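> Coordinates for the following, if possible.
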Amino acid sequence: MKTYTIAKASPIGEKSLVVDTTILITDELPDFDTSEAKEFYTLQAMQLSEALFNSLPQGTMDRLLIEMIKHKASLYVGLSR
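Numbers count the residues shown, from 1 in each chain. As a prediction, the model looks like this:
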């Protein structure tokens, strides 16, 4: 299992709390039909997004989004040639 250690965000304000967060990517994809896939992937994406937005510093989050878009865009470049 690979483990990555990432800095968490600093609290903003007196009542703000940033908790340590662990994301485990270990489960196998379930067997589901096409109608179930959209709901499954949406829920997974929402959970991951919430964990990252509530835990990462804004600078890390901004650069992560850029890296994800660059990665996804490179898939389309290969298809268009």
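> Could you give the average pLDDT over the top helix by length along the chain?
Ordering each helix of the chain by length in residues (DSSP state H) puts helix 58-80 first. For helix 58-80, the mean pLDDT works out to 84.
> packing partners for that helix?
Using 3 or more C-beta pairs under 8 Å, 6 or more residues apart in numbering; DSSP states H and E, the elements in contact with helix 58-80 are helix 34-53. (Glycine included, C-beta is placed from N, CA and C.)
> I'd like the C-alpha coordinates of the helix it packs on written as CSV, please.
Extracted C-alpha coordinates of helix 34-53, given in CSV (Å, rounded to 0.1, in the frame of the first residue of the first chain):
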residue,chain,number,x,y,z
THR,A,34,-25.1,1.3,-16.1
SER,A,35,-28.0,2.8,-14.2
GLU,A,36,-26.2,2.3,-10.9
ALA,A,37,-22.8,3.6,-12.1
LYS,A,38,-23.7,7.2,-12.2
GLU,A,39,-25.0,7.3,-8.6
PHE,A,40,-21.9,5.3,-7.4
TYR,A,41,-19.3,7.5,-9.1
THR,A,42,-21.2,10.7,-8.0
LEU,A,43,-21.2,9.6,-4.4
GLN,A,44,-17.6,8.6,-4.4
ALA,A,45,-16.6,11.9,-6.0
MET,A,46,-18.6,13.9,-3.6
GLN,A,47,-17.0,12.2,-0.6
LEU,A,48,-13.5,12.6,-1.9
SER,A,49,-14.2,16.2,-2.8
GLU,A,50,-15.6,17.0,0.6
ALA,A,51,-12.6,15.4,2.4
LEU,A,52,-10.1,17.3,0.3
PHE,A,53,-11.8,20.7,0.4
